[in-house]
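Chemist: Take this sequence and fold it.
(2 chains)
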Amino acid sequence: MSDIAVRVKKIVVEHLGVEEDKVTENASFIDDLGADSLDTVELVMAFEEEFGIEIPDDAAETIQTFGDAVKFISEAA
Amino acid sequence: MFDLTGKSALVTGASGGIGGAVARALHGAGASVALSGTRAGPLEALAAELGSRAHVLPCDLSDMAAVDALPKQAADAMGAVDILVNNAGITRDGLMMRMSDDDWDQVIAVNLGSTFRLCRGVLRGMMKARWGRIVNITSVVAQAGNPGQANYAAAKAGVAGMSRSLAQEIASRGVTVNCVAPGLIATAMTDKLNDEQRGKILAGVPAGRMGEPAEVAAAVLFLASAEAAYITGATLDVNGGGDML
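Modeler: Residues are numbered from 1 along each chain as shown, chains lettered A, B, ... in the order given. You can find the predicted model right below:
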């Protein structure tokens, strides 16, 4: 797993309080990891802080799964 | 009851009558307070009176960059912002037919715009902490309207609607958002009223007198407390019964 993926996973685990092995490539934050809409906003803000990037709202909407997040951040960072 | 030991509060308009009383009440309950306002002199005097746990953060609320910077300054000074009291407000009264764009824009910008920005600025810390209290000072005129105050009433009604929306967005995170709506309170703002205006207003107040800033502060202290955790999106009227008529 890339360094970015490790850091993203750490944020997701801490924020949503889920087991690490549940955070798989296709795990949906809302459908599989129990996030609500506010959680997804908080996750995006946490990613922005951790990686020093800006994630615009329209891009944030496309980040539905752990894999989406890693892909977006890898391209942006 | 109402122990705020270890909590940190940012109060805007702390150089005014109600803001000063709010700062005293929160500080008296054990909170650290960041005193914000345009005039440094009165803020310094209040900080000196309070002694420890008081920080002076002058800020011109018509300067949006300064407004955006204020929550971070407060967090840097106190370690966090657990309680935000948006009390600062300006009036530019005049009948609407003669109201200038400037008078409208300024009142909306300072009373509504800065409240929005300050709320937004403290949200992240409060949501992370899973605890927060936002108390917005509105006014009896938000509901009742007032001739000569179309701009002020619109701004205050705007704050009330914004507060109820935000309250729903963040209730699940232990952050409450409420309003306190003072009626006629004895402050510099109401000193400007002439006897006829004051008499007219008091005729509609069952209590038959003006309120004291400390009576508004008591309502704010309650809503800022741990005990008020289940109250959000509410407006607490502090008006001597004046809004029932």
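
Chemist: Only C-alpha atoms from now on, for both contacts and neighbour counts.
Modeler: Fine.

Chemist: Could you check how far stretch B:103-114 is from the centre of its chain?
Modeler: Mean-position distance between stretch B:103-114 and its chain equals 14 Å (Cα atoms, centre = their mean, to the nearest Å).

Chemist: From residue B:122, how far off is the residue nearest the centre of chain B?
Modeler: Taking Cα atoms, centre = their mean, the centroid of chain B lies closest to residue B:87, which sits 2.1 Å from it. Applying Cα to Cα, to the nearest Å, the value for residue B:87 to residue B:122 is 15 Å.

Chemist: Repeat that for residue A:1.
Modeler: With Cα to Cα as the criterion, residue A:1 and residue B:122 are 35 Å apart.

Chemist: Okay, now the unreliable bits of chain B?
Modeler: Applying pLDDT under 70 to chain B flags the ranges B:244-245.

Chemist: If you count surrounding residues, which of residue A:1 and residue B:122 has more?
Modeler: Using other Cα atoms under 10 Å in any protein chain shown, the more surrounded residue of residue A:1 and residue B:122 is residue B:122, with 25 against 5.

Chemist: got the phi/psi numbers for the more buried one?
Modeler: Dihedral pair for residue B:122: phi -100, psi -10, per degrees, to the nearest 10.

Chemist: so the closest residue to it other than its chain neighbours, which of the three states?
Modeler: Nearest residue to residue B:122, sequence neighbours excluded (Cα to Cα, 6 or more residues apart in numbering or on different chains): residue B:71, at 5.9 Å. Per DSSP: H, G, I helix; E, B strand; the rest coil, the local secondary structure of residue B:71 is helix.

Chemist: Tell me which residues touch residue B:71, please.
Modeler: B:10, B:81, B:118, B:121, B:122 (Cα atoms under 8 Å, 6 or more residues apart in numbering or on different chains).

Chemist: Report the contact partners of residue 19.
Modeler: Going with chain A. residue A:13.

Chemist: The chain in question should be chain B.
Modeler: B:11, B:12, B:13, B:87, B:88, B:217.

Chemist: That one: which element?
Modeler: Following DSSP states H and E, one finds residue B:19 within helix B:17-28.

Chemist: Pull the helix or strand that that helix is followed by out as PDB, backbone CA atoms only.
Modeler: Using DSSP H and E, the next helix or strand after helix B:17-28 towards the C-terminus is strand B:32-37. Taking C-alpha atoms only, strand B:32-37 is exported to PDB below (Å, rounded to 0.1, in the frame of the first residue of the first chain):
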ATOM      1  CA  SER B  32     -11.500  31.800  29.700                       C
ATOM      2  CA  VAL B  33     -12.800  34.600  27.500                       C
ATOM      3  CA  ALA B  34     -11.600  36.300  24.400                       C
ATOM      4  CA  LEU B  35     -12.900  39.800  24.300                       C
ATOM      5  CA  SER B  36     -13.500  41.200  20.800                       C
ATOM      6  CA  GLY B  37     -14.700  44.500  19.700                       C
END
